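Trainee: Sequence first, predicted model second:
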Protein chains: 4
Amino acid sequence: MRLIIEADLDYHLPEPADVLLQVEVAATRDQRIEAERLTVTSPLPLAAVAGEDGVGQRCWVRGDGRMVATYRATVVIDRVAADLVRLPATPVRLLPAETVPYLMPSRYCQSDRFEGFVRREFAGLDGGALAAAMTAWVGSALDYRGNVSSGDTTALDTFASRSGVCRDYAHLLVALARAGEIPARCVAASAPGVDPPDFHAVAELWLDGGWHLVDATGMARADELARVCAGRDATDIAFMTVFGTATMNAQCVSVRRG
Amino acid sequence: MRLIIEADLDYHLPEPADVLLQVEVAATRDQRIEAERLTVTSPLPLAAVAGEDGVGQRCWVRGDGRMVATYRATVVIDRVAADLVRLPATPVRLLPAETVPYLMPSRYCQSDRFEGFVRREFAGLDGGALAAAMTAWVGSALDYRGNVSSGDTTALDTFASRSGVCRDYAHLLVALARAGEIPARCVAASAPGVDPPDFHAVAELWLDGGWHLVDATGMARADELARVCAGRDATDIAFMTVFGTATMNAQCVSVRRG
Amino acid sequence: MRLIIEADLDYHLPEPADVLLQVEVAATRDQRIEAERLTVTSPLPLAAVAGEDGVGQRCWVRGDGRMVATYRATVVIDRVAADLVRLPATPVRLLPAETVPYLMPSRYCQSDRFEGFVRREFAGLDGGALAAAMTAWVGSALDYRGNVSSGDTTALDTFASRSGVCRDYAHLLVALARAGEIPARCVAASAPGVDPPDFHAVAELWLDGGWHLVDATGMARADELARVCAGRDATDIAFMTVFGTATMNAQCVSVRRG
Amino acid sequence: MRLIIEADLDYHLPEPADVLLQVEVAATRDQRIEAERLTVTSPLPLAAVAGEDGVGQRCWVRGDGRMVATYRATVVIDRVAADLVRLPATPVRLLPAETVPYLMPSRYCQSDRFEGFVRREFAGLDGGALAAAMTAWVGSALDYRGNVSSGDTTALDTFASRSGVCRDYAHLLVALARAGEIPARCVAASAPGVDPPDFHAVAELWLDGGWHLVDATGMARADELARVCAGRDATDIAFMTVFGTATMNAQCVSVRRG
C-alpha cells in the first residue's frame, strides 16, 4: 500500500530554543520511502540522530519566533498483518536483549499495577492469544473521545475513565501486554483513516521473534501504518519536544492512500 | 448483637510527639456502649474532641518513649442491615448539606476518574440498585490479599491490581459510589469475623435519607459493625496519627460476640 | 471596605445535569452583604444548602442546553488584617474539633510529603512566625504564571515547577502549613486587584483561636477579600461543579472597590 | 583501585518464576574484572543478555522454592574522577543519539516538573558547572535516612521530603540534570564505604562527550565505583526483578578495597 503523507506545523517560540522533531517515516524493511522532504525554518542547520532502538531518526532544529515545518512523503508499506492469535509465547528468559526494557513499567504504562487484572481477566492465555484478547478488550472497553485526557493521562487513568484518544489506547494496551510478559512499546505512526486526521500512536508487541504493530482503536490495520519512531511510551515518541516554550499557530496532518 | 472489643497498642516514640487516637466506638443511635475504658500512658492529660461529622471522637495523647494504649469496650449493635437494592435514588440537588462533601473526589478515592467505568459497567442503575451492584462487583472483582497495598495505595491502583485489604475495598467502593452520584464515606469499625483480626474499614453510603454501612469484603454484615469514626478516606479515619515518628512494638485487636 | 462584585457565567450543557454553584459571598461576622442577586437559567428551582464548615452556601441548579448565571453583590468587608508573626502557636492537641481535619493531607495538598522540607527550611519557628515565614517563602519562591498548571496540579508539582496561579499558591501554602502543624484550608474569594480578574483562591490558617485569610500571591490583603466558601483544597471550593459535562461559552468576573 | 565484592541473596519463591538478576559488574574500559563467579540455584540454565545501553548484562534465572544467588568478584577500577565544574556544556542538538533518551522525563525522574526550580535555583549555569552545583545542592538539601521512602518514591516526593536513600538521591539528581538539559541516567554500582553496606545507586551525567559517575550522597567517589548497569531510573537497574512473587530470607552485600 502506498501512503501520501503531508504534515504542516506552524508554531511560535517566544525565545530561541532547541526543538526535537520526530515526524519522518522510518526507513525499515517493511516500509519503503519513495519520496520525502522535510523543511523547517531554522536559524541553525538541522541535525539528525538515530531514533530510539535505531527506528527512524530524531531531527534537531532551532526555533526562534515563528517556526514552520513541512513534511511530505510517499511511502510504500509492504507488511502483512499477522494473525496474532496464532503466534506462540516466548518465555521472558529467552527474549533478546533489546526487548527486555519493554517488559518494564514506564511512566505512562505502569504495567506493574496491572498484574492482578491481567491474571484474572486473561487467565490461561499467553503469547499471541493473550495479545489478541487484550487488543479486543481495550478496543471494546474504551470509548474514543477527545478532551477527556491530557499529556499527563496514564494507563491507570484510562483504565478507569474507559475513554481517550489513540495515545491512551496505546498506553493501556502496552501496560497490559507488559503485565502479561509480552514486550510492548509505543509507536508513532501515520495512517489513513485516522479521524480526526492527526499523528497517530499505536502499540507494538514482540511476539514470535518480531515486533507486531497493533492499533487498539481499530482505526488502522498493521499493513497501512507508516512507522515513525518507537519508545517506552508517549514520552519517547512525541512528534515535537521543545526545550523551552512554544505555542501552536496551526497544525495539519493528512494521510491518504496513493 | 453484643460485641466485646479489645485493642492493645504498644509503640515507641523516639521523641515526644502529639498522637491522635481514633479507636473508641462511637455512641450513636444504632450502637450503644455498655462499658468502655481507654487507658494510655501519656505524660499529658488525654484531650478528646468530636470526630469528623460529629461521629465518635478524636482523642489526643502525648507519646514519649514507650506508649501503650489499651481499649476495652462492650457494645450493643442495634441496627438492621437494609436491603440496599430497594432503596430509591436521591438526586444530588436534593441531598442534605452534610452529605455533599462525600460526593467529591478525595486523595485515595478519585471518583472523578471513574465516571467512564461507572457509566459503562452500571448503565441504567441508580440509588440502592446501583449501590448493591457496585458492592457485589467490588467483592467479586478483588482478591483479599495482604502485602499488595500500602498506605499510598489509591482506588485507581486497586482497580488495576484487583487485590488488597479492607481499606482498599472501601476506597474502591467509595470511589465508584461517588462517581455514581451516591455520597460515600469511609468508616473505621470493629467487627467480629475480620480475618486476620484487626481494625476494620468499610464504606458508608447515603441512600434514602440515611447512611448505610457496607463491607465490600463480605467479612461483616451491617448489623455487626461497631462504627468508630467516619471521613473522606483513610486519611481521616486512621486509628493512630502521630505528629512525629513512632515504631510499633506490638499490636493486638480482638472482637468477639458477647 | 466596600466591594462590588459582578460575575457572569455562560455555559453549554449538551445533556441535562445537576450543577453545584459556589459563587455567592458568605455572610459572616467579618463581611456584611449589602445587596445580592443570583439568577440562573435553570429548569428546576434553585436549592441551597450550607457550605463546608457552615461557611457560605452551595447552590444547586439544573443545567440543560445553555446555562447562564449572573451574580451581583455589594459587600462590606470589616476585617483587620492580623500581623501573623505575633500570633502564638497552638499545640495540635489543644485545637478545636472543627480544625483537626485541616491538619490532614488532602489530594492537592499532600502535607505529609512536605514534613522534611518544613523541618529543614523553617527550623525553630512555629505558630504565626512560621505562618508568616511560609507565606513569604511561597510568595518569593513562585512565579505567577498561567498555562503552567491545570486542575490536576498538586502542591508537589508546584513545589518543583515554582510557578502557577492563585490556586497553586494556595495549595502549596496550605500543604506547608499543615506540615507545620497549623490547620489550613483553601478559601474561594472575591478580591479587587486580582489580575487577570477572576475568581480567586487563598489560604486560611488557624492561629491563636481563629481563621486568618492569607493570600500568598500578594494580590489581596486580608481586609479586602470577600470569602465565598472554604474546604480542604480546590476540590471543595470550585465555583462550579457539573455532574455531567459542560463547555464554557463565556465567563467574566469583576470586583471593584465601591 | 581494587574492589572485592561479595553478594549473597537468599529468597523464597512460592511458585516457579523467571527472575532477572543485575548484580554482575560490567566489563568496561574503565573497570577491569580480575575474577568473577555468579552461582544461582536455578532449575533452568542461566541466560545472559546485554544490559541497557550495552552496559553489563542481564542474567535470567529460574526460581522455584528457595533461590540462592552468590556473587564474588574482584574488580580493578581505573578511572579518574573528573572535576565536573570545568567540563563545558553540550547543546542538546549536538548530543549523540544514545544520550537523547536520557534527556526525557521518566517515571521516577519527572524532569519536566523541575524546569521551574532549575531555572530559578541554578540560573546562569550550564554543563559541568551546573552539574557540580546540582550535585552539591542535592547532597546538602537531603538527609540520608532509611524508612522514609519506598519503591514508589519519586524525585518529586524526595524533593519535598528532603530525605531518602541512595536511590532517592540518584533520582533527584537525575531529574534536575535532565531539566537542565544534561543527559542523565541511573547506575547500579558496588562501592566500599556504603553504609549500611548494600547495592548502591548513583547518577551518571553526560558531559563533554562522556558519561561521568556522580554519587550525590557523597559516599563514594567516581574512582571507587564498580558500575553494574545503567538505565532511566530504578526501574531499569533493579538488582532483581521477579516475574512473580518472592520473599527475602536473607541478603548480604560486602564491598572492600583489596
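Mentor: Now that the structure is in, tell me what you want to look at. Residues are numbered from 1 along each chain as shown, chains lettered A, B, ... in the order given.
Trainee: Just the closest residue of the stretch 101-250 of chain A to chain D, please.
Mentor: Proximity of the stretch 101-250 of chain A to chain D (CB to the nearest CB) peaks at A:R107, 4.1 Å away. Where C-beta positions appear, they are placed from N, C-alpha and C, glycine not excepted.
Trainee: For that residue, grab the count of nearby residues.
Mentor: As a burial measure, A:R107 scores 25 neighbours (other CB atoms under 10 Å in any protein chain shown).
Trainee: Now it: closest residue in space, sequence neighbours ignored.
Mentor: D:R107 (4.1 Å; CB to CB, 6 or more residues apart in numbering or on different chains).
Trainee: and if you look at A:L207?
Mentor: A:L87 (4.2 Å).
Trainee: Assess the claim that A:V61 and A:S42 are in contact.
Mentor: Yes: under the criterion of CB atoms under 8 Å, A:V61 makes contact with A:S42 at 4.1 Å.
Trainee: Identify the contacts common to those two.
Mentor: The contact sets of A:V61 and A:S42 overlap at A:M67 (CB atoms under 8 Å, 6 or more residues apart in numbering or on different chains).
Trainee: helix, strand or coil for A:M67?
Mentor: Using DSSP: H, G, I helix; E, B strand; the rest coil, the structure places A:M67 in strand.
Trainee: Was I right to think the residue of the stretch 101-250 of chain A closest to chain D contacts A:A155?
Mentor: No: the pair A:R107 / A:A155 is not scored as a contact, 9.8 Å apart, by CB under 8 Å.
Trainee: okay, now the residue in chain A that chain C sits nearest to: neighbour count?
Mentor: Nearest residue of chain A to chain C, counting by CB to the nearest CB: A:D152, 6.0 Å away. Residues lying near A:D152 (other CB under 10 Å) number 13.
Trainee: which non-adjacent residue is nearest it?
Mentor: Per CB to CB, 6+ apart, closest to A:D152 is C:D152, 6.0 Å.
Trainee: my read is that neighbour is in a strand, agree?
Mentor: No: looking at C:D152 with three-state DSSP, it is coil, so not inside a strand.
Trainee: surely it meets A:T153?
Mentor: No: here C:D152 does not reach A:T153: they are 9.2 Å apart, not a contact under CB under 8 Å.
Trainee: Name the residues linked to the residue nearest in space to the middle of chain A by a beta bridge.
Mentor: Centroid-nearest residue in chain A: A:V187, 2.3 Å away (criterion: CA atoms, centre = their mean). On the basis of DSSP bridges, A:V187 is bridged to A:V202, A:A230.
Trainee: Verify the stated contact: it with A:H212.
Mentor: No: at 10.5 Å, A:V187 does not count as touching A:H212 under the criterion of CB under 8 Å.
Trainee: hey, what's in contact with both of the two?
Mentor: Common neighbours of A:V187 and A:H212 (CB under 8 Å, 6+ apart) are A:E204.
Trainee: Go ahead and measure how far the helix or strand A:E204 falls within is from the middle of the chain.
Mentor: Under the criterion of DSSP states H and E, A:E204 resides in strand A:200-207. Mean-position distance between strand A:200-207 and its chain equals 7 Å (CA atoms, centre = their mean, to the nearest Å).
Trainee: after that strand comes which helix or strand?
Mentor: Beyond strand A:200-207 on the C-terminal side, the first helix or strand identified by DSSP H and E is strand A:210-214.
Trainee: who touches that next one?
Mentor: A:79, A:82, A:84, A:87, A:131, A:135, A:173, A:185, A:187, A:189, A:202-206, A:222, A:225, A:227, A:230.
Trainee: Give me the angle between it and strand A:200-207.
Mentor: 140 degrees (axes from the mean of the first three to the mean of the last three CA atoms, to 10 degrees).
Trainee: Parallel or antiparallel, which strands does strand A:210-214 pair with?
Mentor: Per DSSP bridges, strand A:210-214 is paired in its sheet with strand A:200-207 (antiparallel).
Trainee: any idea of the mean pLDDT for the partner strand?
Mentor: In this model, strand A:200-207 has a mean pLDDT of 98.
Trainee: Also stretch A:79-91?
Mentor: 94.
Trainee: Would you check how far apart the residue lying closest to A:D78 once chain neighbours are set aside and chain B are?
Mentor: Excluding the flanking residues, the one nearest A:D78 by CB to CB, 6+ apart is A:D30, at 5.6 Å. According to CB to the nearest CB, to the nearest Å, A:D30 and chain B sit 34 Å apart.
Trainee: what do you get for A:H212?
Mentor: 24 Å.
Trainee: Quick one: neighbours of A:R79, just the number.
Mentor: Number of residues near A:R79 (other CB under 10 Å) recorded here: 19.
Trainee: what do you get for the one 3 residues further on?
Mentor: Counted with other CB under 10 Å, residues neighbouring A:A82 total 19.
Trainee: Please enumerate the helices of the stretch 1-150 of chain A.
Mentor: A:115-121, A:127-141 (DSSP state H, counting those that start in this stretch).
Trainee: For the shortest one, list every residue counted as buried.
Mentor: It refers to helix A:115-121. Using 16 or more other CB atoms under 10 Å in any protein chain shown as the test for burial, helix A:115-121 gives A:E115, A:G116, A:F117, A:V118, A:E121.
Trainee: Going by neighbour count, list what's buried in stretch A:55-68.
Mentor: Going by 16+ other CB under 10 Å, stretch A:55-68 has these buried residues: A:V55, A:G56, A:Q57, A:R58, A:C59, A:W60, A:V61, A:R62, A:G63, A:D64, A:M67.
Trainee: Dump those into TSV; add pLDDT and distance to chain B as well.
Mentor: Shown next, in TSV, are the buried residues of stretch A:55-68 (pLDDT from 0 to 100; distance: CB to the nearest CB, whole Å):
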residue	pLDDT	distance to chain B
A:V55	95	29
A:G56	96	32
A:Q57	95	35
A:R58	96	32
A:C59	96	36
A:W60	96	37
A:V61	95	37
A:R62	95	39
A:G63	94	35
A:D64	94	40
A:M67	97	36
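Trainee: Done for today, thanks.
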